[in-house]
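*Asks:* sequence and predicted structure are below.
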Amino acid sequence: MYSQKVMEHFRNPRNVGEIEDADGEGTVGNPICLTPDSLVSLNSSLTPIMDASVDARVLGHDGNYHRIKKVISRPYKGRMYRIVAHNLGSTVVTPDHHILAIKASHVLGKYRSSMRFIQDWYAADELKKGDILLYPVIRETVDKDWIPIDVGGQKYDLRSKTLPSKIAVDDHFLRLVGYYLSEGYLQTEKSKGTFGFVFGSRGNIYVEDVIHCVRHTFGLKPSEIRRIRGGISVRFHSAGLANFFERHFGKGDENKHIPHWIMLLPPRKQAAVLCGIWRGDGYINSKVAKYVTISKKLAFQVRDLLIRQGIIMSFRERPENGSYKRSYSIYVSDDSSLAKLGKILDVELKIPKKLKNNHKVWFENGYFHVPILRVEQIDYDGPVYNLEVEHSHSFTSNSMTLHNCGDMMTIYVKIKDERIEDIKFKTFGCGAAIATSSMITELAKGKTIQEALKITRNDVADALEGLPPIKMHCSNLAADGLRAAIFNYLSKTMKPEEIKAKYGLEPPKADVEG
């Protein structure tokens, strides 16, 4: 929350505008952006940022979903950084993009939890291998006890029993959802439909559970049960049921997904979905558990469901190879996480007492803590994207939490007899950026150059009665803008080395690129 002073300067900023005959002008900041194919957590599904739209909801640093107010795109040419998380993938960002992290030097002991951690927003070019990325556990929860069966097709289906108008969102239904996402298939012709499952030899024991769940939830009996080579098939003839599952969960293995409303259910209910999914396309023993799917969307959603259960896992992608389609695998192999997953699957495991956490990750204070595996600098020439997000001013990619505040700030100064006679600003950015710009002009006005150069980011924040940690970089930007304007003024009559010798002031960083 902003202080009263911040809100005062945001709503009624001082010294706004441009000095046409300014003696000095300094522009700082950089529109922060991602490459077009960067995945962002949009409506509980990882989506390329270039496909994001206004009013869609994106996961913020606080674990809640917030409305996108604006999608920003621009051409960019210059350095970018690919930051690879230990087991969550990578994201490519511009150098100044702020990322929620902990510097490795602040971690006491190797990958161990401590209340002395310094959690902050760091520019991409400040992060290194071993620093810790913070990925938010989804906190937003919307429970549902019932949902309507809002599909057509039933009037054309003369063979099957009419479906109920609404169904309970209970363990039977949610476990059935999991079974469908792993082993189910649909046929959705106009006048008939089939809702079916094919279980392998290991899945025969779950056929009875599927039949029970369908009877309990929809009041239907199977139309066909038959043994096939290496397994068993069960089918239900119902156009309405097939249409319902297609609408909510997708059709075809590559298109299956979990709807947003299920991703927001309480974790205790989501455990039933995980149970059905893992029983179908996964396995578990006392040392490791593995899940595989060819649906990219579903893979990332299962990953987020596990994170919400506090289960440590690693995520891997296997590229297409010959007859094998691109697939996604999730592994669980530490003792605590295996025990949690075993409980969800109702499986008794004899887990070694000290099965090592090889992932070097942990949960704390609502975040999944993941070390950086490597940071790669790349040259880029092409379009880049950013999101303006309501309330949280942040969004998550597939691997990290990103600040959306791409502040641009210009400070204008009029100087007479080594004293700042007049000062104004123009800022494109969030409320904190506007407030800090306003405050820096108030603090600097009337001061000598030497006095103005002593104003620090802490002075700006203190004068505003404090800033949230997520906005502290804005005060630094304001102080940098003042220094840039003063340097611009001095450089008209002095050489850079003379400015440094007399004022201790170096040329401003060339933040604006591309």
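*Replies:* That came in fine, so what should we check first?
*Asks:* tell me where the stretch 351-500 of the chain has strands.
*Replies:* With DSSP state E, counting those that start in this stretch as the criterion, the stretch 351-500 of the chain has strands at 362-364, 367-389, 394-396, 401-403, 408-416, 419-428.
*Asks:* what of the stretch 151-300 of the chain?
*Replies:* Taking DSSP E, counting those that start in this stretch to define them, one finds strands in the stretch 151-300 of the chain at 166-168, 184-188, 193-200, 224-228, 231-237, 282-284, 289-293.
*Asks:* if we can go back for a sec, out of the strands of the stretch 351-500 of the chain, flag the one nearest S53.
*Replies:* Go through those one by one with Cβ to Cβ and the one that ends up closest to S53 is strand 367-389, at 10.1 Å. To be clear about C-beta, it is placed using only N, CA and C from the backbone, and glycine gets the same treatment.
*Asks:* in the closest one, what's buried?
*Replies:* Within strand 367-389, the residues that qualify as buried by neighbour count (16 or more other Cβ atoms under 10 Å) are 367-372, 375, 380, 384-389.
*Asks:* ok, now stretch 424-442?
*Replies:* Under the neighbour-count criterion of 16+ other Cβ under 10 Å, stretch 424-442 has 424-425, 427, 429-441 buried.
*Asks:* for the strands of the stretch 151-300 of the chain, give me JSON lines that also has mean neighbour count, distance to L505 and mean pLDDT.
*Replies:* Below are the strands of the stretch 151-300 of the chain laid out as JSON lines (neighbours: other Cβ atoms under 10 Å; distance: least, Cβ to Cβ, whole Å; pLDDT from 0 to 100):
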{"stretch": "strand 166-168", "mean neighbour count": "15", "distance to L505": "69", "mean pLDDT": "96"}
{"stretch": "strand 184-188", "mean neighbour count": "18", "distance to L505": "67", "mean pLDDT": "92"}
{"stretch": "strand 193-200", "mean neighbour count": "22", "distance to L505": "71", "mean pLDDT": "92"}
{"stretch": "strand 224-228", "mean neighbour count": "10", "distance to L505": "78", "mean pLDDT": "90"}
{"stretch": "strand 231-237", "mean neighbour count": "19", "distance to L505": "75", "mean pLDDT": "92"}
{"stretch": "strand 282-284", "mean neighbour count": "18", "distance to L505": "60", "mean pLDDT": "94"}
{"stretch": "strand 289-293", "mean neighbour count": "21", "distance to L505": "57", "mean pLDDT": "96"}
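*Asks:* which one, of the ones you listed, ends up nearest to Q4?
*Replies:* Using Cβ to Cβ, the nearest of the strands of the stretch 151-300 of the chain to Q4 is strand 166-168, at 48.0 Å.
*Asks:* direction included, what does that closest one pair against?
*Replies:* strand 146-148 (antiparallel) (DSSP bridges).
*Asks:* what mean pLDDT does the strand it pairs with have?
*Replies:* Taken as a whole, strand 146-148 has an average pLDDT of 96.
*Asks:* now it: how far from the chain's centre is it?
*Replies:* In terms of Cα atoms, centre = their mean, to the nearest Å, the centre of strand 146-148 is found 29 Å from the chain centre.
*Asks:* enumerate every residue touching L443.
*Replies:* Neighbouring residues of L443 by Cβ atoms under 8 Å, 6 or more residues apart in numbering: 455, 459-460, 463.
*Asks:* can you tell me how far it is from D459?
*Replies:* 6 Å (Cβ to Cβ, to the nearest Å).
*Asks:* helices and strands of this protein: which one has the lowest mean pLDDT?
*Replies:* Considering only helices and strands, the least confidently modelled element of the chain by mean pLDDT, DSSP states H and E is strand 119-123, at a mean of 81.
*Asks:* on contacts alone, who are the packing partners of that strand?
*Replies:* Taking 3 or more Cβ pairs under 8 Å, 6 or more residues apart in numbering; DSSP states H and E as the contact definition, the neighbouring helices and strands of strand 119-123 are strand 98-102, helix 472-490.
*Asks:* circling back: can I get the strands of the stretch 351-500 of the chain in JSON lines with distance to D62?
*Replies:* Formatted as JSON lines, these follow (distance: least, Cβ to Cβ, whole Å):
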{"stretch": "strand 362-364", "distance to D62": "15"}
{"stretch": "strand 367-389", "distance to D62": "10"}
{"stretch": "strand 394-396", "distance to D62": "8"}
{"stretch": "strand 401-403", "distance to D62": "10"}
{"stretch": "strand 408-416", "distance to D62": "25"}
{"stretch": "strand 419-428", "distance to D62": "24"}
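*Asks:* among the ones you listed, which comes closest to H86?
*Replies:* Across the strands of the stretch 351-500 of the chain, the minimum distance to H86, taken as Cβ to Cβ, is reached by strand 367-389, at 4.8 Å.
*Asks:* now that closest one against strand 98-102, angle please.
*Replies:* Relative orientation of strand 367-389 versus strand 98-102 (axes from the mean of the first three to the mean of the last three Cα atoms, to 10 degrees): 170 degrees.
*Asks:* that older thread, turn the helices and strands packed on strand 119-123 into CSV, including distance to D253, mean neighbour count and mean pLDDT.
*Replies:* Listed next are these as CSV, based on distance: least, Cβ to Cβ, whole Å; neighbours: other Cβ atoms under 10 Å; pLDDT from 0 to 100:
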stretch, distance to D253, mean neighbour count, mean pLDDT
strand 98-102, 34, 24, 90
helix 472-490, 44, 24, 89
